[in-house]
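Q: Need coordinates for the following:
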Amino acid sequence: MSESNAGSVQRVRAALLATGHPDSILAFPAGTRTAADAAAAVGCAVAQIAKSIVFRAGERAALVITSGANRVDPALAGAALGVTLARADAGWVRDTTGFAIGGVAPVGHLAPPLILLDEDLLALDPIWAAAGSPSHVFRTTAAELLRITGAKPAAVRSG
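A: Now for the predicted structure:
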């Protein structure tokens, strides 16, 4: 694990512990970069992977935590947040959140993002989310993610 990834994972661990969430971070050296990779690594359905998708809301990050089986409709997500969302490139995501794409966690961001939680995740337990690197995830529940992130549940699935 690179030094920057180690720092990102530690930032996620600290954020989890600060909210009273257990340190449930696990490492998978083969990688958890995609929802399919993460589901195969932990032995769950792709839908149980909580993908963290970052959009631009002006200069602020907008984080949509969505089911690994879903694609996010930016218009629906933007309407739920009351902002216009734009695509964020990998460099902007890293600079703004402190995470590389493939390892964006729902907690531990450099600056607090606007946050939505895909309502489809509410029916799944457990769920797994990236923990700061493309090879680390943590086990949680949708209820816990709502509690520790302050996310707003919303319908964000395209199609």
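Q: Strands of the chain, start to end?
A: Assigned by DSSP state E, the strands in the chain fall at 25-27, 49-57, 60-67, 86-87, 114-118, 127-130, 136-140, 152-154.
Q: what packs against the longest one?
A: Which is strand 49-57. When contacts are defined as 3 or more CB pairs under 8 Å, 6 or more residues apart in numbering; DSSP states H and E, strand 49-57 sits against helix 35-42, strand 60-67, helix 74-81, strand 86-87, helix 90-97, strand 127-130. Bear in mind the C-beta positions are built from the backbone N, C-alpha and C, glycine included.
Q: Same list as before, these that is, but in TSV and with distance to G20 and mean neighbour count included.
A: Listed next are the helices and strands packed on strand 49-57 as TSV, based on distance: least, CB to CB, whole Å; neighbours: other CB atoms under 10 Å:
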stretch	distance to G20	mean neighbour count
helix 35-42	23	19
strand 60-67	19	24
helix 74-81	26	18
strand 86-87	34	11
helix 90-97	23	16
strand 127-130	16	27
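Q: what pairs with the residue nearest to L146 when sequence neighbours are not counted across the strands?
A: In space, and not counting its chain neighbours, L146 is closest to L117: 5.9 Å by CB to CB, 6 or more residues apart in numbering. As for beta bridges, L117 partners with I65, P153 under DSSP bridges.
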